[in-house]
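Trainee: Just to be clear, the model below is a prediction. Sequence and coordinates:
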Amino acid sequence: MARVFPLEEIRNIGIIAHIDAGKTTVTERILYYTGRTYKIGEVHEGTAVMDWMEQERERGITITAAATTCYWREQRINIIDTPGHVDFTAEVERSLRVLDGGVVVFDAVAGVEAQSETVWRQANGYEVPRICFINKMDRIGANFNRTLSMIETRLGANPLPIHLPLSAEDSFRDVIDLVENKAWRFTNDPDSGPEEIPVPDSEKGKMAEHRQALIAKLAEHDDIMMIAYIEGDEIKPSELKQALRRVTLKNQGVPVLCGSALKNMGVLLLLDAIVDYLPSPLEVPPVNGVESRTGKKTTREPSDDAPFSALAFKVVTDPFVGRLVYFRVYSGKVKVGAQIFNPIRGRSERIGRLLLMHANHREDVEVADTGAIAATLGLKNTFTGDTLCDSSKAVLLESIKFPEPVISVAIEPKTRSDQERLGESLQKLTEEDPTFKVAYNEETGQTIVSGMGELHLEVIVSRLISEFRVGVKVGRPRVAYKETITEPVKIEGKFVRQSGGRGQYGHVNIELEPLERGKNFEFVDAIKGGTIPRQYIPPVQTGIKEAMETGVIAGYPVVDIKATLYDGSYHEVDSSEIAFKMAGSIALRDGVKKGKPILLEPIMNLEVVAPEQFLGDIIGDLNSKRGHISKVDTQGEMYIIHSLIPMAESFGYATSLRSLTQGRATHSLEFHSYEQVPAEIKDEIVEKAIGRKHG
């Protein structure tokens, strides 16, 4: 069966930005202009197509990445609209993993904000080519040039402005197009495109100067443009477009456009730029993987004739159709009813229905070919980050790494019938969201749920009540502390049990060493001469890892430890896997006690934007919360305070900041690192933990 869409005519893109920059508004306009919708949805009215969840419409923010497909200039554009709030950073992470290009939206008033930096870093990590859209040019305080310089200084990027606004704020409606050498006038009418107008005489010199500057910037990264620039050739718009495309695809520059999505200004030119400058699946490097049988590194070429390989990047429990798995096809194709292999789980599964998604609406298709972003029903054992492939040519694609949760709350059902539904509902939510974790504390009998922030857990609880119809009571937020050691220690772990018949014997010698922050756990097998048989070594590692889940100071997980198994002994009859597992656990617990253990707490990166008159009060308040001010920047009339603050001190910060500044300051919080808890606070935390244990 021939492809409906040639690969070079497909764009897989994401719309990414800080919260409130206007991502969803941009996406809604794109859907309208491409004929995907017939009425423009608005975020502030709760009618945005892409914000389809009840919680998104209530809060006016994007929580889950929504996928859709539209068509422009005979090209198929698969779009994922991602959240901007830092609590839902996993949605951005998994979207960027499977996308080929990105549109980064900036607020022309605020410029580059905290979460703009985070999503930019994530896109850098996956080497995703980007274009920038400076939105809200009609707002008071909009400043195109300042946002441009912030893209350069704060993001370390190479902005290539292809638009120049002729005005801003209330009078914004005209831009100069440096590529086409034209000027465009926008109107508020969504049904009329930009109208070409003569370039004002007063602006002709400025236009020529900026166009020359753009060509010079491109010449630094593009040999063809360099030759034309040195020889002083007249550069045609088509040549400039090709150079911009080459530089963008090499990630050496980002074309920058501007407009106002809410007023329907500039979105049609943005659509053209998506087609002109962002890559097709053929223009990104082939996906890397490992042959699951041989362990050899391999690649999969983006071709329908290559063996099938895809990455599952999202699992959703749809109330109407059941468990949906979203996947991106990197090579080959798959048909409805096909048997596919999941090498991570070692299971074969059958593809049920294949669906093209439009937010929460579905369109059945018979085949998903290379470059497609689709969803399927019927995969019971496939989870986020799993590879799907042809069993005869099994390959393991690189998975998706997610940050660890930093905040926990205790949750309990209101009634017995709620109790039965709670477990099942929590399981569905953990399948959907890899940064949401559930644990049962046997000592207190509580179910503990953990997430990326207060809003994250608030949304989860709201979904349990409204979507899954489970009545729950929620405890106070709890910080996800960790434990670690500060000194290397050699320790012996011995598990010996004698009963009437066969006994149990496991004996290990282990060296524990502290690792640098964020390294988590490393196990080294240094057994020589068969002092412990090979079959007993994996159980030792399992025992150590299980013991790390509940530490020795206050019962928090142990992290950043290297364990080297260097000696031990066994008994011909009494040794068993369980005995060596227990010996590993004993060694870990005793070793942590002797390795001068410390408590670690999550530290948050806090950015506050406020008027000057409140600066002293905010800094004083942060100092009282153990905050560390790193720098203070100015942005027009506003001041930006950059600081690090322990998560334990950040609960309810929004409320205290509001009262300090009469509601005129904004803030954003994002996880930074784990650091040692000061001694006087450590004692208090340990006391509380012991009290919970015995209470």
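Mentor: Cool, the structure landed. Numbering: from 1, shown residues only.

Trainee: Residue ranges in this protein under the pLDDT threshold?
Mentor: 1-2, 4, 37-66, 84-87, 359-360, 441-445, 499-501, 691-695 (pLDDT under 70).

Trainee: tell me the SS of the residue nearest the centre of it?
Mentor: Geometric centre of the chain, nearest residue: Glu93, 2.4 Å, by C-alpha atoms, centre = their mean. Under the three-state scheme (DSSP: H, G, I helix; E, B strand; the rest coil), Glu93 adopts helix.

Trainee: Likewise for Glu684?
Mentor: helix.

Trainee: Tell me how far it lies from Val558.
Mentor: Here the criterion is C-beta to C-beta, to the nearest Å. By it, Glu684 lies 20 Å from Val558. In this view, the C-beta of every residue, glycine as well, is placed from N, C-alpha and C.

Trainee: These two: which has the busier surroundings?
Mentor: When neighbours are counted by other C-beta atoms under 10 Å, Glu684 and Val558 differ, and Val558 comes out ahead with 28 against 10.

Trainee: could you list every residue that touches that one?
Mentor: Contacts for Val558 were tallied using C-beta atoms under 8 Å, 6 or more residues apart in numbering; they are Lys482, Glu483, Thr484, Ile485, Ala547, Met548, Glu549, Gly551, Val552, Leu588, Val592.

Trainee: Out of these, which two sit at the greatest distance?
Mentor: Ile485 and Glu549 (15.8 Å; C-beta to C-beta).

Trainee: What ranges does the stretch 201-350 of the chain have for its helices?
Mentor: Secondary structure of the stretch 201-350 of the chain by DSSP state H, counting those that start in this stretch: the helices cover 201-219, 223-230, 237-249, 267-277.

Trainee: how about the longest one: buried residues?
Mentor: Of the residues in helix 201-219, those buried under the neighbour-count criterion (16 or more other C-beta atoms under 10 Å) are Met207, His210, Arg211, Leu214, Ile215, Lys217, Leu218, Ala219.

Trainee: Excluding chain neighbours, give the residue nearest to the first one in space.
Mentor: When you say that, I think you mean Met207. Among residues not flanking Met207 along the chain, Ile176 sits closest, at 5.1 Å (C-beta to C-beta, 6 or more residues apart in numbering).

Trainee: count of neighbours near the one you found?
Mentor: Using other C-beta under 10 Å, Ile176 is surrounded by 23 other residues.

Trainee: Could you pull up the contacting residues of it?
Mentor: By C-beta under 8 Å, 6+ apart, Ile176 lies in contact with His163, Leu164, Leu166, Lys182, Ala183, Val199, Glu203, Met207, His210.

Trainee: does the closest residue in space to Glu398 that isn't next to it in sequence have beta-bridge partners, and which?
Mentor: Using C-beta to C-beta, 6+ apart and skipping residues adjacent in sequence, the residue nearest Glu398 is Asn288, 6.2 Å away. Per DSSP bridges, the residues bridged to Asn288 are Thr299.

Trainee: pretty sure Asn288 contacts Lys297?
Mentor: Yes. At 6.8 Å, Asn288 and Lys297 qualify as touching, with contact defined as C-beta atoms under 8 Å.

Trainee: When these two are compared, which one has more neighbours?
Mentor: Applying other C-beta under 10 Å to Asn288 and Lys297 shows that Asn288 carries more neighbours, namely 13 against 9.

Trainee: re earlier: just give me the closest of the contacts of Ile176 to Lys335.
Mentor: Nearest member of those to Lys335, counting by C-beta to C-beta, is His163, at 43.8 Å.

Trainee: and that closest one, what are its bridge partners?
Mentor: With DSSP bridges as the rule, His163 is bridged to Asp177.

Trainee: and the end-to-end length of stretch 225-241?
Mentor: Stretch 225-241 has an end-to-end distance of 11 Å (criterion: C-alpha to C-alpha, to the nearest Å).

Trainee: ditto for stretch 638-658
Mentor: Start-to-end, stretch 638-658 (C-alpha to C-alpha) is 16 Å.

Trainee: starting at the chain centroid, how far to it?
Mentor: Here stretch 638-658 is found 22 Å from its chain centre; the criterion is C-alpha atoms, centre = their mean, to the nearest Å.

Trainee: sorry, back to before: so which of Ile485 and Glu549 has more stuff around it?
Mentor: Higher neighbour count among Ile485 and Glu549: Ile485, with 24 against 11, using other C-beta under 10 Å.

Trainee: who are the neighbours in contact with the more buried one?
Mentor: Contacts of Ile485 by C-beta under 8 Å, 6+ apart are Leu512, Glu513, Pro514, Val558, Ile561, Gly591, Val592, Gly595, Lys596, Pro597, Ile598.

Trainee: Report the buried residues of stretch 415-429.
Mentor: In stretch 415-429, counting by 16+ other C-beta under 10 Å, buried: Asp418, Arg421, Leu422, Ser425, Leu426, Lys428, Leu429.

Trainee: Tell me the secondary structure at the second one.
Mentor: Right, the one you point to is Arg421. Arg421 ends up helix, using three-state DSSP.

Trainee: Surely it touches Phe468?
Mentor: Yes. If you go by C-beta under 8 Å, Arg421 and Phe468 touch, sitting 6.6 Å apart.

Trainee: For the lengthiest strand in the chain, list every residue counted as buried.
Mentor: In the chain, taking DSSP state E as the definition, the longest strand is strand 598-611. Buried residues in strand 598-611, counted by 16+ other C-beta under 10 Å: 598-610.

Trainee: Kindly report the same for stretch 649-669.
Mentor: Glu649, Ser650, Tyr653, Leu657, Leu660, Thr661, Ala665, Thr666, His667, Ser668, Leu669.

Trainee: now the angle from the helix or strand containing the fourth one to strand 598-611?
Mentor: Assigning secondary structure by DSSP states H and E places Leu657 in helix 653-660. Interaxial angle, helix 653-660 versus strand 598-611 (axes from the mean of the first three to the mean of the last three C-alpha atoms, to 10 degrees): 40 degrees.

Trainee: contact partners of the very next helix or strand once past helix 653-660?
Mentor: Note on helix 653-660: by DSSP H and E, the next helix or strand toward the C-terminus is strand 666-676. With contacts defined as C-beta under 8 Å, 6+ apart, strand 666-676 is touched by 18-19, 86, 89, 113-115, 118, 403, 406, 452-453, 482, 517-518, 559, 598-610, 644, 647, 650, 653-654, 657.

Trainee: now strand 666-676 and strand 598-611, what's the angle there?
Mentor: Using the same axes, to 10 degrees, strand 666-676 lies at 160 degrees relative to strand 598-611.

Trainee: Please name whichever of the helices of the stretch 201-350 of the chain is nearest to Ile13.
Mentor: Nearest of these (C-beta to C-beta): helix 267-277, 6.1 Å.

Trainee: Which strands or helices does that closest one pack on?
Mentor: Where contact means 3 or more C-beta pairs under 8 Å, 6 or more residues apart in numbering; DSSP states H and E, helix 267-277 is packed against strand 10-17, helix 23-33, strand 66-72, strand 75-81, strand 101-107, strand 130-135, helix 237-249, strand 254-258.

Trainee: Name the residues of that helix that are buried.
Mentor: Buried residues in helix 267-277 (16+ other C-beta under 10 Å): Val267, Leu268, Leu269, Leu270, Leu271, Ala273, Ile274, Asp276, Tyr277.
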